[in-house]
Structure formats: structure tokens, C-alpha cells
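1. fold the following, please.
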Amino acid sequence: MGLFETKIEVKDVNAFGKPKLPPGQTPTSKFPVLTYGETQKIRREDWSLAVWGLVEEEQRWTWDDFMKLPQTKIRADFHCVTHWSRFDDEWEGVLFRDLIRQIKVKPEAKFVLQHAYGGYTTNLPLQWMIEEDVILAHTFNGEPLPEEHGGPVRVFTPRRYAWKGAKWIRGFEFLAKDRPGFWEMNGYSNTADPWKEERFW
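-> You can find the predicted model right below:
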């Protein structure tokens with residue numbers, strides 16, 4: 001069978017009350033690799049996560065530090081802007097809303113710019129990052145997240161198209177004003193809601 005397989009059963013609604021299959025999407029059991037630039041190869045012992053910008057104090061977590069943070073498993077769907085969706089995978093890692101409890105964010109911070117190893121960036125409002133089950137995932141269906149899908153750690157945004165979660169995440173910059181990321185500067189939607197088909201500007 002090809003990339004798109006029609007035998008997958010799709011439930012009517014997802015965990016937050018939206019249609020399980022957003023408009024314009026096709027279900028698949030495959031997990032295509034779509035990346036801007038080269039796959040980054042980062043050893044866990046070399047990986048770290050930093051926060052800067054509108055915070056009281058810049059912080060950095062090593063892999064061991066990161067694994068001491070609250071760990072959560074979520075079962076969620078993955079929607080790619082290129083019209084395919086995967087369903088009910090298990091993602092394990094640190095929810096952004098748990099990470100932010102470790103950070104003293106200044107009141108004027110309203111947006112977050114994600115920075116990846118390799119230079120990729122993408123942006124979201126801080127409130128969406130907190131409210132939308134955004135997770136810094138290191139484990140996928142019980143196995144370490146593969147490099148080609150963003151391992152050792154990627155951001156996963158189950159309520160937005162997947163480009164809104166940076167693979168190979170290395171840091172978060174807190175901003176007062178929005179700053180478009182790589183794809184947003186190249187014609188992709190700034191809000192990226194799959195149920196509104198917000199694919200492009």
C-alpha cells in the first residue's frame with residue numbers, strides 16, 4: 001500500500017471535542033519524514049535546553065536535569081500540513097506547562113519562539129503553549145524518539161499543524177511581540193489550526 005491508507009478507523013471526535021480527522025487530511029499509519037535541512041544528530045549527553053529573553057533568569061537543563069522534571073504521557077494525533085494525519089500515538093516527555101513552572105517569566109512575555117539545533121525556528125503565543133498540551137517529547141510509543149523525527153527531544157503540538165513543534169529543540173525565547181519562525185516567514189500560517197485549514201497566509 002502507498003503512503004495513504006484508507007483502512008484506518010477514525011473516531012468522530014478527539015479528546016478536545018474536534019473532529020478526529022481535520023478537513024483536507026487523509027489518515028495514514030505511516031510516519032513520513034519531512035524536515036527542512038539535514039537531520040540533526042545530537043547525543044543525549046551533548047543535548048541541553050535553554051530559556052532566555054523575557055525571563056528573570058536564563059536557565060539551562062542538561063539531559064539528566066530534564067529527566068528529573070515531571071514526566072507525562074499523552075495519547076494524541078499528529079497532523080501534517082502536507083495533508084496526512086496519524087492517530088493515537090503515545091508521546092512521553094515534559095509538558096510545556098510543567099516546564100514553565102520552573103521558569104520565572106516576566107509579565108510582558110506573550111510569545112514563545114522555539115529554537116532548534118540546526119537553526120529552525122517556529123513561534124506560538126505563550127498562552128497556547130500552556131493550554132494546548134504542548135509536550136517536549138523524548139519517547140514515542142515506548143521507544144526513544146528517532147533522530148529523523150526530532151530526537152532526542154522535539155516539541156509536539158497536537159492542536160496545531162506539526163511544523164509548529166520544532167524538532168531537535170534546544171531552547172525557548174520569551175518575547176513581548178510575536179516573531180515569525182522559518183516557515184511562517186515563508187508563507188505558512190501563523191496560527192496553523194488544522195480544523196480551520198490554516199495552512200498558508
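2. look up how far residue 48 lies from residue 27.
-> 36 Å (Cβ to Cβ, to the nearest Å). Every residue, glycine included, has its C-beta placed from N, CA and C.
3. typed the wrong thing, it's residue 178
-> Distance of residue 178 to residue 48, given as Cβ to Cβ: 26 Å.
4. again with residue 149
-> Relative to residue 48, and taking Cβ to Cβ, residue 149 is found at 20 Å.
5. which one of these two has more residues nearby?
-> residue 149 (19 against 15; other Cβ atoms under 10 Å).
6. need the per-residue pLDDT for the more buried one.
-> If you check residue 149, the pLDDT there is 97.
7. isn't it right up against residue 141?
-> No: when contacts are counted by Cβ atoms under 8 Å, residue 149 is not listed as touching residue 141 (10.9 Å).
8. the longest strand seen in the chain - what's its average pLDDT?
-> Ordering each strand of the chain by length in residues (DSSP state E) puts strand 84-95 first. Mean pLDDT, strand 84-95: 97.
9. centre of the chain to the following helix or strand past it, how far?
-> Sequence-wise, the next helix or strand downstream of strand 84-95 (DSSP states H and E) is helix 96-99. Counting by Cα atoms, centre = their mean, to the nearest Å, helix 96-99 is centred 13 Å from the centre of its parent chain.
10. just for this protein, where's the confidence low?
-> The chain contains residues with pLDDT under 70 at 1-11.
11. how are the strands of it distributed by residue range?
-> Under DSSP E, the chain gives strands at 26-27, 48-53, 59-62, 72-79, 84-95, 111-116, 121-125, 135-140, 143-144, 154-156, 169-175.
12. make TSV out of those and add distance to residue 14.
-> As requested, those are exported to TSV (distance: least, Cβ to Cβ, whole Å):
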stretch	distance to residue 14
strand 26-27	13
strand 48-53	28
strand 59-62	31
strand 72-79	6
strand 84-95	9
strand 111-116	23
strand 121-125	19
strand 135-140	16
strand 143-144	24
strand 154-156	14
strand 169-175	24
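13. deepest of those, which one?
-> strand 154-156 (a mean of 25; mean count of other Cβ atoms under 10 Å).
14. give me the helices and strands touching that strand, please.
-> When contacts are defined as 3 or more Cβ pairs under 8 Å, 6 or more residues apart in numbering; DSSP states H and E, strand 154-156 packs onto strand 135-140.
15. how about the CA coordinates for the strand it packs on, as CSV?
-> Backbone C-alpha positions of strand 135-140 (Å, rounded to 0.1, in the frame of the first residue of the first chain) are rendered in CSV as follows:
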residue,chain,number,x,y,z
ILE,A,135,4.9,18.5,25.1
LEU,A,136,8.7,18.2,24.8
ALA,A,137,8.7,14.6,23.8
HIS,A,138,11.6,12.2,24.1
THR,A,139,9.7,8.9,23.8
PHE,A,140,7.4,7.8,21.0
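16. strand partners (parallel or antiparallel) of it?
-> When pairs are called by DSSP bridges, strand 135-140 turns out to pair with strand 84-95 (antiparallel), strand 143-144 (antiparallel), strand 154-156 (antiparallel).
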